[in-house]
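# just need the structure, nothing else, for what follows:
(chains A and B)
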Amino acid sequence: MTWLGLTPAQWVEYAAFLAAAGASLITALGVLLAPRVLHAAIWLLFCLLSIAALYALLGAHVVFAIQVLVYAGAIAVMIVFAVLLLERGTGRGILAGSQHLFAGLVSAGALTAVLVPALAYTLWKHARAAAVSGPDTGPISGQAAAIGRLFLTRHLLAFELISVALLVAMIGALVLARPDRRRQEPPETADEAEGQADVSQWHPPLNVGAEEDAP
Amino acid sequence: MTLPPVGLPHYLVLAALLFAMGLFAVITRRHAIGLLLGIELMLNAANINLVAFSRYGGLGPTTGLGPGAHLDGHIFALMVIALAACEAAVGLAIILRLYQTLATTDPNKVRAMKW
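As a prediction, this is how the structure comes out:
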């Protein structure tokens, strides 16, 4: 039994895709339109979760889990923490603010105007053929084991490099965010700060040591 | 009229839209963290592409590429997520340090290396 050429299972997949894709687009709009940076960061958290749902639809179970754990669980929450630290420093909510709206609209619009029609054309032209040839899924049950094995064989170099990169980023974040104990008075404005860059002794208003917990 | 089932182009269109929105955020935000949020959106759009290509075999048959070639896109996506974690950690540390030393988080006001 088919309707519009799709079986019920395909309709279910269609509905799930539309729900996840719509959620990710709406939450991404929230990131763009939220007046406060804190709200934009929380919108991003939900955007990352709906993108995780898309990974689940694509059968990428390991990437789904890592997206929820690392991206939504660590990165987004770390951004929220950083915004809260900054708001504590400034004593008020941080506004996102916009500039170059015209340049942004032109470049984003041009990118969309080139990519989406091209891809939509491909959709109507080749999607049937792609569906007939069948998606290249491979076995899904042993995906975690297979990815682990790949990391230790074919992609061993990338695996080792990513460990080094994470270590360097961790040390770099620690060094950068370490409280500077030589200064005393926080400069009022950026211009004043430039003038007194070498004035010593102020205790920063931020507990930036929390940055150590970066993944 | 028949509708094509959900396939590679659907995911590519979605990723293109998300990437354009991230680009818009990077260009227009006046706060450094807003910029970082846009970069995260763009990274995620690229990740969707990688996993979708891996699922629908956009590169043709994977036989002859060795075992597990159908999972290469997943490996790429995991690498991108790990690098995004690095980028967020260092980026946020720089922004906090910027606020400590210059008392601003507006990238336009940081002119020490401009002329």
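# and the helices in chain B?
For chain B, the helices defined by DSSP state H occupy B:8-28, B:32-56, B:72-102.
# can I get these in CSV with distance to chain A and mean pLDDT?
In short, each C-beta sits where N, CA and C put it, glycine included. Compiled in CSV, the helices of chain B are given as follows (distance: least, Cβ to the nearest Cβ, whole Å; pLDDT from 0 to 100):
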stretch, distance to chain A, mean pLDDT
helix B:8-28, 3, 91
helix B:32-56, 5, 91
helix B:72-102, 3, 90
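# out of the ones you listed, nearest to residue A:92?
Comparison of the helices of chain B against residue A:92 by Cβ to Cβ identifies helix B:72-102 as nearest, at 13.5 Å.
# give me the packing partners of that closest one, helices and strands only.
Taking 3 or more Cβ pairs under 8 Å, 6 or more residues apart in numbering or on different chains; DSSP states H and E as contact, the helices and strands that helix B:72-102 lies on are helix A:61-66, helix A:77-90, helix A:143-152, helix A:156-177, helix A:190-195, helix B:32-56.
# got the buried residues for the fourth one?
Residues A:158, A:159, A:162, A:165, A:166, A:169, A:170, A:172, A:173, A:174, A:176, A:177 are the ones in helix A:156-177 that count as buried (16 or more other Cβ atoms under 10 Å in any protein chain shown).
# swap in the longest one?
Neighbour-count burial for helix B:32-56, counted by 16+ other Cβ under 10 Å, picks out B:32-45, B:47-56.
# now do the same for residue A:14: its pLDDT.
As predicted, residue A:14 sits at a pLDDT of 89.
# once you drop chain neighbours, what's closest to it?
Using Cβ to Cβ, 6 or more residues apart in numbering or on different chains and skipping residues adjacent in sequence, the residue nearest residue A:14 is residue B:6, 5.5 Å away.
# run a quick neighbour tally on the one you found.
Using other Cβ atoms under 10 Å in any protein chain shown, residue B:6 has 24 other residues around it.
# wait, it sits on residue A:10?
Yes. Counting by Cβ atoms under 8 Å, residue B:6 does reach residue A:10; the two are 7.3 Å apart.
# do you know how far the residue nearest the centre of chain B is from residue A:66?
For chain B, the residue nearest the mean C-alpha position is residue B:43 (0.5 Å; Cα atoms, centre = their mean). Using Cβ to Cβ, to the nearest Å, residue B:43 is found at 13 Å from residue A:66.
# and the residue lying closest to residue B:48 once chain neighbours are set aside, what is it in contact with?
In this structure, residue B:48 finds its nearest non-sequential neighbour in residue B:15, 4.3 Å apart by Cβ to Cβ, 6+ apart. By Cβ atoms under 8 Å, 6 or more residues apart in numbering or on different chains, the residues touching residue B:15 are B:45, B:46, B:48, B:49, B:52.
# again, only this time at 7 Å
Shown in contact with residue B:15 (Cβ atoms under 7 Å, 6 or more residues apart in numbering or on different chains): B:45, B:48, B:49.
# can stretch A:96-110 be found next to chain B?
Yes. Using Cβ under 7 Å from any Cβ of the partner chain, stretch A:96-110 reaches chain B at A:96, A:97, A:98, A:99, A:100, A:101, A:103, A:104, A:107, A:108.
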